[in-house]
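Enquirer: give me a 3D structure for the following:
(one chain, ligands or ions: 1)
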Amino acid sequence: MPTVQHEASLLIEKKVKLTPSQQHDIPRQYYNFAKYGDLKSRVESRMPLTDYIGKTEYVSDMITRKGIRMRKIRILEESRETIEVTLWGDKGEDFQKEVAKDKILAITGTNVTIYNGRTQLESTSATTTAINPDIPELETYIQRFKNLKAKPNEDTATEITIGDLTNVDVNQPTKQYRCTARIIKIDPLRNWFFAKCPDCSGKLYSQRQTFACGNCDFTDEPKFFYSVNTIVTDDTGTVEAVFFTNAMNDMLNISCRDLVITHRYTDQKIIPEQIRVLQGTTKVLYFNVRPDRTIAINKAENLESASTTATSSLIPTTPNPKKYHEKRTTTTSIQPDKKQKTLGSHHYLL
Ligand SMILES: [Zn+2]
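Expert: Numbers count the residues shown, from 1 in each chain. This next block holds a predicted model:
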């Protein structure tokens, strides 16, 4: 099946001879932009690849997850819908972050996938990106996007100050709040992560460099989750708050698993430098207030990116680690023979 949608396609075999053309008015790039509404029907179908055009709203730095480098971009389309694009490896490295913001971006040869219920685009080896692409319609696109704003998100969080948290009704534990606050302290006495059993999902207990499940003799790598205890403050008050995995990923660009396995921060009580430097930084925090009044932070934005976004769902999502595990092999997988057994319970040596 052809990779681009066209009534004709060329099959280039061994005997084909290629000679340079003297004609100079042939466009260098062929685009066949999909509309936002077309994307759902293309999910998980590898061909044809998808070209897309829109205004760049957000470009992340390079992110490392499970040892894989990537960059996230958010594009606003004419329909006022935004979509996230993941540029893998070199495609991400080569992307000119500094010049892309608020420019028209044409991206070609992507796959349409679903992550966390949202449609997204992922680069393939055929992907090209062009900022303000050299096409006749460029000026039209620039004019069209000039005053276009993303659709507001329905599930926006309620703005709150820390001082007002005492008045919150804790019987609505799923309600989302948002507040801008400074992390003044990361609690050095509390565990900064926890691990779960890959088989039964039970919480693992740790002894020195090992993790053990009370129920099973697991052989796969444990699952690691951030749970960083902090004190945050704004002008109105100070409160204890726990940053969970999604919020930490927003701030750190490194997964908990990579800190533990790749960077060898295997001690739950020793806070990695990457986390300690967050002390003193101010973030836009999204959180729930649990019935016991603990503050569970599940999303954190930098002030700069938060002030330029119109909705609350625009920050890069974490890729599904399972999915990429299947697609790419990691170099840091742990050999089952490192597993240690001690008196009746099963230990996993890091
Ligand atoms: Zn288990």
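
Enquirer: list the contacts of residue 71.
Expert: Each residue near residue 71 by C-beta atoms under 8 Å, 6 or more residues apart in numbering is listed here: 59, 60, 61, 62, 63, 86, 87, 91, 92, 93, 95, 97. Any C-beta I mention is one placed from the backbone N, CA and C, and that applies to glycine too.

Enquirer: the ion next: which of these are close?
Expert: Cross-checking these against the ion (C-beta under 5 Å from the ion) gives no overlapping residues.

Enquirer: can you turn the buried part of these into a PyMOL selection?
Expert: Entered in PyMOL, the line below selects the buried ones among the contacts of residue 71, by 16 or more other C-beta atoms under 10 Å:
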select buried, resi 59+60+63+86+87+91+92+95
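
Enquirer: now, which of the contacts of residue 71 sits nearest residue 279?
Expert: residue 61 (20.4 Å; C-beta to C-beta).

Enquirer: pLDDT of stretch 112-120, averaged?
Expert: Mean pLDDT, taken over the full extent of stretch 112-120, equals 80.

Enquirer: ok, residue 43 to the ion distance?
Expert: Distance, residue 43 to the ion, by C-beta to the ion, to the nearest Å: 33 Å.

Enquirer: one more: residue 279?
Expert: Going from residue 279 to the ion by C-beta to the ion gives 35 Å.

Enquirer: got the phi/psi numbers for that residue?
Expert: With angles defined as degrees, to the nearest 10, residue 279 sits at phi -60, psi 130.

Enquirer: likewise for residue 261?
Expert: Main-chain torsions, residue 261, degrees, to the nearest 10: phi -80, psi -50.

Enquirer: next, count neighbours for it.
Expert: Neighbourhood size, residue 261 [other C-beta atoms under 10 Å]: 21.

Enquirer: and it, how far is that from the ion?
Expert: 18 Å.

Enquirer: that residue contacts residue 221, doesn't it?
Expert: Yes: the pair residue 261 / residue 221 is scored as a contact, 7.2 Å apart, by C-beta atoms under 8 Å.

Enquirer: from the contacts of residue 71, pick the one nearest residue 14.
Expert: So of those, ranked by how close each gets to residue 14 (C-beta to C-beta), first place is residue 91, at 29.3 Å.

Enquirer: who touches whatever helix or strand that closest one lives in?
Expert: Element membership for residue 91 (DSSP states H and E) is helix 89-93. Applying C-beta under 8 Å, 6+ apart, the contact partners of helix 89-93 are 62, 68, 69, 70, 71, 86, 123, 127, 129.

Enquirer: what is the nearest residue to the last one once chain neighbours are set aside paired to in the beta sheet?
Expert: What it means is residue 129. Excluding the flanking residues, the one nearest residue 129 by C-beta to C-beta, 6 or more residues apart in numbering is residue 107, at 5.0 Å. Going by DSSP bridges, residue 107 is paired in beta bridges with residue 52, residue 129.

Enquirer: so what's residue 107 up against?
Expert: Applying C-beta under 8 Å, 6+ apart, we find residue 107 in contact with 51, 52, 53, 75, 85, 121, 123, 127, 128, 129, 130.

Enquirer: looking at those, which one is closest to residue 188?
Expert: When these are compared for distance to residue 188 (C-beta to C-beta), residue 85 wins out at 38.6 Å.

Enquirer: which elements pack onto the stretch of helix or strand that closest one belongs to?
Expert: Residue 85 belongs to strand 82-88 when elements are defined using DSSP H and E. Helices and strands touching strand 82-88, by 3 or more C-beta pairs under 8 Å, 6 or more residues apart in numbering; DSSP states H and E, are strand 50-59, strand 68-76, strand 118-122.

Enquirer: run through who's touching the shortest one.
Expert: Residues lying outside strand 118-122 but in contact with it, judged by C-beta under 8 Å, 6+ apart, are 39-40, 43, 50, 52, 83-86, 88, 107, 110-114, 313, 317.

Enquirer: mind giving me the PyMOL command for buried ones among the residues you listed?
Expert: Remark: buried members of the contacts of strand 118-122, expressed as a PyMOL selection using 16+ other C-beta under 10 Å:
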select buried, resi 39+50+52+83+84+85+86+88+107+110+111+112+113+313+317
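
Enquirer: assumed residue 264 was part of a helix.
Expert: No: counting by DSSP: H, G, I helix; E, B strand; the rest coil, residue 264 falls outside a helix, being coil.

Enquirer: torsion angles phi and psi at it?
Expert: Backbone torsions of residue 264, given as degrees, to the nearest 10, read phi 60, psi 30.

Enquirer: same question, the one 3 residues further on
Expert: Dihedral pair for residue 267: phi -90, psi 120, per degrees, to the nearest 10.
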